[in-house]
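Enquirer: Build the 3D model from these lines:
(one chain, ligands or ions: 1)
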Amino acid sequence: RIAYVNGAFVPLEEASISILDRGFLFADGIYEVSAVLDGKLVDNEAHLARLQRSVGEIALELPETLARIEEIQKELVARNRLASGMVYMQVTRGAADRDFAFPRGVKPTLVMFTQEKDIVNAPAAKTGIAVKTVPDIRWARRDIKSVALLAQVLAKQAAAEAGCQEAWMIEDGVVTEGGSSSAFILTAGDVLVTRPNSNAILPGCTRKAVMALAEERQIRVEERTFSIDEALAAKEAFITSASSFVQPVVTIDGRPVADGRPGPVATRLREIYIDFARATGR
Ligand code: PLP
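Expert: Okay, the predicted model is just below:
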């Protein structure tokens with residue numbers, strides 16, 4: 001596999017950065033994950049826009065233009081002959097002697113690598129996934145896609161140990177979002193409900209696209225918070241993310257959502273999103 005590090009394409013085993021890199025020392029960096037389908041980047045404009053916003057929020061300047069970053073992503077996909085999977089990219093405030101405040105005159109670090117994954121044929125799409133709830137112990141700026149992911153590492157490990165595929169994080173009695181996904185339910189009245197964007201959650205690119213695709217098909221969408229009790233009483237629940245697209249949630253803490261099987265709306269939205277991904281890939 002070929003990786004990208006600060007201007008060079010190198011074999012993954014040889015790709016390296018300094019132990020003084022602030023991404024390593026302070027998690028002082030931002031990341032993005034774009035899906036790849038049929039060798040093309042899915043909804044990449046949204047991911048690049050979020051990257052720009054995230055770095056702006058931490059006063060970090062990208063070392064390349066967004067146009068150049070997309071060229072690098074595409075070259076990496078081509079060099080790895082990646083048909084389906086993800087491009088991971090991370091930009092940090094660079095390497096400097098350890099000091100909390102920003103160093104002067106340091107070039108940001110930009111790295112990328114690809115990961116193969118058959119997103120379309122993931123078994124979880126057919127079977128649905130099990131979710132475990134955990135308290136949301138993250139910081140107050142979850143809208144920034146920061147590489148500081150320890151809370152999600154612990155949340156998703158707890159989920160994995162309970163035989164679950166995703167964690168839903170709870171704060172003030174309501175769901176914030178998944179460990180690495182946005183959370184939706186379909187109410188008894190056939191309304192799609194997902195939490196509104198704020199500092200409390202990451203503005204999911206897939207979330208935004210799925211909401212628009214649903215509305216185009218006359219499915220009502222309401223942005224508000226929901227509790228686990230409401231999710232358990234809902235007709236359906238599902239998650240969205242770049243690396244999973246749309247996946248039905250069939251149990252929460254071992255209790256079934258509706259009949260405990262993937263719902264028709266989640267399944268349909270998944271198909272619609274896959275069509276969208278294919279049609280808009282670049
Ligand atoms: N929420 C969190 C906390 C995430 O980490 C992610 C993706 O990794 C998402 C939501 C989904 O965002 P997207 O659809 O842009 O992948």
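
Enquirer: avg pLDDT for stretch 65-83?
Expert: Computed over stretch 65-83, the mean pLDDT rounds to 98.

Enquirer: Return the set of residues that bridge with whatever residue of the stretch 1-150 of the chain ends up closest to the ligand.
Expert: Here the stretch 1-150 of the chain gets closest to the ligand at one residue, residue 33, 5.9 Å apart by Cβ to the nearest ligand atom. For every residue, glycine as well, the C-beta is placed using N, CA and C. Beta bridges link residue 33 to residue 88, judged by DSSP bridges.

Enquirer: wait, what's in contact with it?
Expert: 47, 86-89, 242-243 (Cβ atoms under 8 Å, 6 or more residues apart in numbering).

Enquirer: try it again with 10 Å
Expert: Listed by Cβ atoms under 10 Å, 6 or more residues apart in numbering, the contact partners of residue 33 are 47, 86-90, 115, 145, 180, 205, 241-243.

Enquirer: What subset of those is buried?
Expert: By neighbour count, with 16 or more other Cβ atoms under 10 Å, those hold 47, 86-90, 145, 180, 205, 241-243 as buried.

Enquirer: From these, pick out the ones that also neighbour the ligand.
Expert: Contacts with the ligand are made by 180, 205, 241-242 out of the buried ones among the contacts of residue 33, judged by Cβ under 6 Å from any ligand atom.

Enquirer: For the residues you listed, give me TSV that also has secondary structure.
Expert: Shown next, in TSV, are those (DSSP: H, G, I helix; E, B strand; the rest coil):
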residue	secondary structure
180	coil
205	helix
241	strand
242	coil
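
Enquirer: which strands and helices sit next to the host helix or strand of residue 176?
Expert: Element membership for residue 176 (DSSP states H and E) is strand 174-178. Strand 174-178 sits against strand 129-135, helix 150-161, strand 166-171, strand 182-186, strand 191-194, helix 228-232, strand 236-241, strand 245-252, with contacts defined as 3 or more Cβ pairs under 10 Å, 6 or more residues apart in numbering; DSSP states H and E.

Enquirer: Figure out which of those is closest to residue 77.
Expert: strand 245-252 (17.8 Å; Cβ to Cβ).

Enquirer: Is the ligand within reach of the strand holding residue 176?
Expert: Yes. Strand 174-178 is in contact with the ligand by Cβ under 6 Å from any ligand atom, via residue 177.

Enquirer: quick one, domains of this structure?
Expert: When the chain is parsed with automatic domain parsing, its domains come out as 2-116, 123-280.

Enquirer: Name the spans of the stretch 151-282 of the chain whose pLDDT lies under the cut-off.
Expert: In the prediction, the stretch 151-282 of the chain carries no residues with pLDDT under 70.

Enquirer: Please identify the residues of it in proximity to the ligand?
Expert: 177, 180-182, 202, 204-207, 240-242.

Enquirer: which of the residues you listed lies closest to residue 54?
Expert: Using Cβ to Cβ, these come closest to residue 54 at residue 202, 9.3 Å.

Enquirer: Can you name the helix or strand that the closest one falls in?
Expert: Using DSSP H and E, residue 202 sits within no helix or strand.

Enquirer: That one is in contact with residue 183, isn't it?
Expert: No. Contact criterion Cβ atoms under 10 Å: residue 202 and residue 183 do not qualify, at 11.4 Å.

Enquirer: which neighbours do those two share?
Expert: With contacts taken as Cβ under 10 Å, 6+ apart, residue 202 and residue 183 have 176-177 as neighbours in common.

Enquirer: any idea which element the residue nearest to residue 98 when sequence neighbours are not counted lies in?
Expert: Spatial nearest neighbour of residue 98, chain neighbours left out: residue 25 (5.7 Å); criterion: Cβ to Cβ, 6 or more residues apart in numbering. Here residue 25 sits within helix 22-26, counting by DSSP H and E.
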